[in-house]
Structures are given as C-alpha cells and as structure tokens.
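Engineer: Sharing a model that was predicted from the sequence below.
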Amino acid sequence: MPSPNLLYSAAQVRALDAFAIAHGTSGYTLMKRAGEAALRALRSRWPTAMKLAVVAGAGNNGGDGYVLARFAQAAGLSATVLAVSAPSQLKGDARNACEDFRASGGQILAYSEALLASADVIVDALLGTGLSDAVRAPLAEIIRAINACERPVFALDLPSGLNADTGAVMGAAVRADCTISFVAFKTGLFLGEGPEHAGRLLFDDLEVTPPPEPAFRALLERLPESDISRALPRRRRQANKGDFGRVLIIGGGAGMPGAVRLAGEACLRVGAGLVSVATASDNLLAIAAGRPELIVHGVGGSDDLTSLLSGADVVAIGPGMGRSAWARALLNCALVCGKPLVLDADGLNLLAEGAQIAPPGSVLTPHPGEAARLLGISAAAVQADRMSALNALAARHPGAIIVLKGAGTLIGLDGVNAPHPIPVICERGNPAMAAAGMGDVLTGAIVGILAQCRDPWLAARAGVMAHALAGDDLAHERERGVLALEVAEALNRCVNLRR
C-alpha cells in the first residue's frame, strides 16, 4: 500500500479506530486486518524466514501479535508467542486474539530472553502507541534484550518504547529493522528518534479513511520533491535576469566574509537573477574574488543600506553578521523595509535579544539553539518536542514562516487572516550535512527561490527540499567531509531536475 503523506497524533489514530468501530467495523476485525497486513509485509521483507518469536504485551498491540502469529502458523511458518503478560490478564479484543491463537494449536510461552535467539525474525508487539511514561523494569530489560539479540526485528504499529507523538525514547525503545504502521502514520515515527528506531516504514490503513472533520486534520505533511518544480517552473525563452528577482543578502561582519559568501553562492545556484551582498567593507575583496557574479557593497551603517534595500525585491539578513551595534542597526533597518525577508543566524539572535517580532511573510530559519533563544528555553527542550517548539515560534511571529532546522526539518506558519496550512516535515538530508555553513547555504537557497516565485511558504518548502537533496547527492560519495560550498554547487542540479 502506498505510504500516505499526512501524519497524525496517537490520540487522533485512536479516535479513528473508534470512528471505524462506531460505523460498523468491530475492533477485532481491525485487529485481524492488522495481522493480515503485518504477515504480508513480513513475508515480503523476509521471504526465507520460517521461525517467528512474537513478543506480546497486554494491550491491543499484543493482540495484533497474537493474530499475526495465528495467520503465520496457518501459512506454514512456526510462530511462538512469548507472552510478557499472562494470557489470563488479557481483555477485550486482545483476549479474543489470544484464545483464537491457542485454539488453532498455537504455542504460548512465558517470555524468556533465551528464546529470542532461535527466531529468524522477532516481532515487537509489546507496547504500541499508548505509552505515556518511561518504560520500567521488566519491560525495559525486554526491550534491551530484543535490541541486543542480533536478529531482525519487525515492529507492529510503533517500536515499543517510542513516544508516538514526539519520537522521544521513553527510557528504552526497540530498534526495529522494519515497522508497519496501521490506520495512519503517527508523527513520532518521523520526529526525534523515530526514524532511527522505526527502520524501514510500511503502512496499511486497515480500510479506515479519516473523515473530513476538524478533529482529524493532520498534524504534519511529508514534504514532496514536487515543490521544487512548483516553485521553479520552466522558464520562457524570452526571459531575462530581471524576471528572476533582485536579491540583497545582508551579513558578514568585519573579518567574516565566509557565511554571506556561501549564502550568495547558493542564491545564484538556485537561479536568482541579480544577487547583491551588503557587508562590512573589509570583506569586499574576499567575496568578490571568490564569486565575481555577486555584486558586493561595503556598508558602514543603516544609511548606506537604505538605498540598497529600495532596489531589492527580497532580502536575507544574518549570515556571519555578528551582534555588534553595526549589526543591530542593519537589522532594524531591514525589519521595516517592507520587502520579503529571510532571517537567519545573528539576524535571529538579535531578534531574540530585542524581543522583536518578525514582519508577516518573513521566513525564519533557526537551528535548535537559535530557536531556544527565540523562545527563552533550552535547546534540549526544543529537541525534546520539536513540534511544540515549531508551533510556539509560529505563534510568537504571526504570519511568519518558521523553518526549524535539524534532522527532520519542520516548516510551519501561524496564519493571520486565514487558517494556517498543515506544517511539513522534510525527511531528506543526512548526517554528512552536520558541518559549518550549511545553514547559510539554506538561507541563500530559500531567498533565491523566493525571488523567483514570490511565495514565502512555497519558497521555504522548495528551498528546504532542494538543500536536502543536494546534501543527499553528495552523501552518496561520502559520509564525512562534505563542505557547505559543495552543497551550494549541488543545488544547481537539484533545481534543474524535472521531478
């Protein structure tokens, strides 16, 4: 079944289950559909596996495991349920699933770590989506034993111990090779540690479709590659550089030419028409010599900047700017220029220091540390619940687009006069991009695309995707030593591919 693009909370998925049951599909029917889907996925993923060890908990996730075991046995596989809870303690549909498995001749044994090693595949049916507190003994020890067993692990719905909403590890969490999610994808599979623990993601909707009701409005959308071609359609033959925007990038304090040069390079590589850089005067030679296509201006203060702003269509500010009085004056001037803005790096740090609000239509691109300063919390708190941080930033800057950078970059907007769109998550990108200057390249990509499409929301989406794809192209060659300038250069391929 194709993977859906919309992601939901655990509470919403439970409400979808209840909705389906209220409209005539029994809970046990859903459980049997889950077991059937899981068996199909397991046999496709591990076609030669013959012996399964199903680690079953006390809830409906355990019930899914019992159903899978019964269907696997009927298909000629050997399936043993390692019961963490005594079958007599099961209730409802899980109890029915256990009794049907037993009646079919299925073998139920009390969980034992020694029994894991004899399986071809271990099925994680331990906890599911209802976890709200840290996993404690003995379940934590069981999870650690599954992870240490050196056998393939197949998780049902969600790796046990993973928070279904935030992707946080709740003390201990199963590291699955493959996870099949039921009814709807949960946000926690894509946030935080979710991708690390879920492995390959599969999906089955169990014939349940979210109704068009506000309660079932998705929390996240997966960012599509097609946003690049939407933002950057084919050019007319009669086009000239003036058709593709005049960009002004402000940054580079004294002795800091690198960041603003990277942003300018990226801006050119995504196809902006004319790109100017406003920087400290002692940076002029370094920037112009490195990239002569950039128009470089030395600015001593806001008076020098005013005329440059008037000639720009879009503006980016912050890369390498520092937090001096000079930088503060430039930011204050840019905030009132009336042009679409992209704010990054020290532009964000100064915004936080002054408790200022970005103009509607701006694009803010904080990494977790900058987001923490904007919110007055710790970077660890931002990373612990990135969705909440994104929403808080969007609420603090109404009408501004927030790009919360990191593994699984999030993009959100709190609408001012219209309902805000569903936030999006970028699944592309890789650890090779954990290097200096990558954020400057992203700033240049976004402002360069914004100059061409004039839609801040679409430019943020397309810029994030192009940046991630460029990094992925380079990571095919190596995991370490990828340079930001190389990513800027690779952007050119990514914005010219017709996806």
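Structural biologist: Perfect, thanks for sending it.

Engineer: low-confidence ranges in the stretch 301-450 of the chain?
Structural biologist: Screening the stretch 301-450 of the chain residue by residue with the criterion pLDDT under 70, one finds the ranges 416-418.

Engineer: where do the helices sit along it?
Structural biologist: 302-310, 325-335, 346-353, 368-375, 379-384, 386-396, 438-453 (DSSP state H, counting those that start in this stretch).

Engineer: Tell me which of the ones you listed lies nearest to residue 122.
Structural biologist: helix 379-384 (28.8 Å; Cβ to Cβ). In short, each C-beta sits where N, CA and C put it, glycine included.

Engineer: about what we covered before: tell me which of the helices of the stretch 301-450 of the chain lies nearest to residue 19.
Structural biologist: Using Cβ to Cβ as the criterion, the shortest distance between residue 19 and the helices of the stretch 301-450 of the chain is 23.2 Å, found for helix 386-396.

Engineer: and that closest one, how far from the chain's centre?
Structural biologist: Per Cα atoms, centre = their mean, to the nearest Å, the displacement of helix 386-396 from the mean C-alpha position of its chain is 14 Å.

Engineer: packing partners for that helix?
Structural biologist: Secondary-structure packing of helix 386-396 (3 or more Cβ pairs under 8 Å, 6 or more residues apart in numbering; DSSP states H and E): helix 368-375, strand 401-404, strand 410-413.

Engineer: Looking at the ones you listed, which is nearest to residue 467?
Structural biologist: Residue 467 lies closest, by Cβ to Cβ, to one member of the helices and strands packed on helix 386-396: strand 401-404, at 10.0 Å.

Engineer: what separates residue 427 from residue 7, distance-wise?
Structural biologist: Distance of residue 427 to residue 7, computed by Cβ to Cβ, to the nearest Å: 11 Å.

Engineer: any common contacting residues for these two?
Structural biologist: Common neighbours of residue 427 and residue 7, using Cβ atoms under 8 Å, 6 or more residues apart in numbering, are 190, 222.

Engineer: Centre-most residue in the chain?
Structural biologist: Nearest to the centroid of the C-alpha atoms of the chain, with distances taken as Cα atoms, centre = their mean, sits residue 408, at 2.6 Å.

Engineer: so where do the strands sit in the stretch 51-200 of the chain?
Structural biologist: In the stretch 51-200 of the chain, the segments counted as strands under DSSP state E, counting those that start in this stretch are 51-56, 78-83, 107-110, 121-125, 153-156, 178-182, 185-186, 200-204.

Engineer: and the fourth one, what other elements does it pack with?
Structural biologist: Think strand 121-125. helix 27-45, strand 51-56, helix 60-74, strand 153-156.

Engineer: What strands line up against it, and which way round?
Structural biologist: When pairing is defined by DSSP bridges, strand 121-125 lines up against strand 51-56 (parallel), strand 153-156 (parallel).

Engineer: Find out how far stretch 393-408 is from the centre of the chain, if you would.
Structural biologist: Between the centre of stretch 393-408 and the centre of its host chain there is 13 Å, according to Cα atoms, centre = their mean.

Engineer: list the buried ones in it?
Structural biologist: Residues 393-394, 396-397, 399-408 are the ones in stretch 393-408 that count as buried (16 or more other Cβ atoms under 10 Å).

Engineer: tell me how far the ends of that stretch are from each other?
Structural biologist: Its first and final residues considered, stretch 393-408 spans 17 Å by Cα to Cα, to the nearest Å.

Engineer: And for stretch 161-169?
Structural biologist: Start-to-end, stretch 161-169 (Cα to Cα) is 6 Å.

Engineer: quick check: mean pLDDT across it?
Structural biologist: Computed over stretch 161-169, the mean pLDDT rounds to 96.

Engineer: same deal with stretch 38-46?
Structural biologist: For stretch 38-46, the mean pLDDT works out to 97.

Engineer: Just the C-alphas of it, formatted as CSV.
Structural biologist: Output for stretch 38-46, consisting of C-alpha atoms alone and laid out as CSV, is shown next (Å, rounded to 0.1, in the frame of the first residue of the first chain):
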residue,chain,number,x,y,z
ALA,A,38,1.6,-7.5,9.0
LEU,A,39,2.1,-11.0,7.7
ARG,A,40,2.1,-9.8,4.1
ALA,A,41,4.8,-7.2,5.0
LEU,A,42,6.9,-9.7,7.0
ARG,A,43,6.9,-12.3,4.2
SER,A,44,7.8,-9.7,1.6
ARG,A,45,10.6,-8.3,3.8
TRP,A,46,12.0,-11.6,5.0
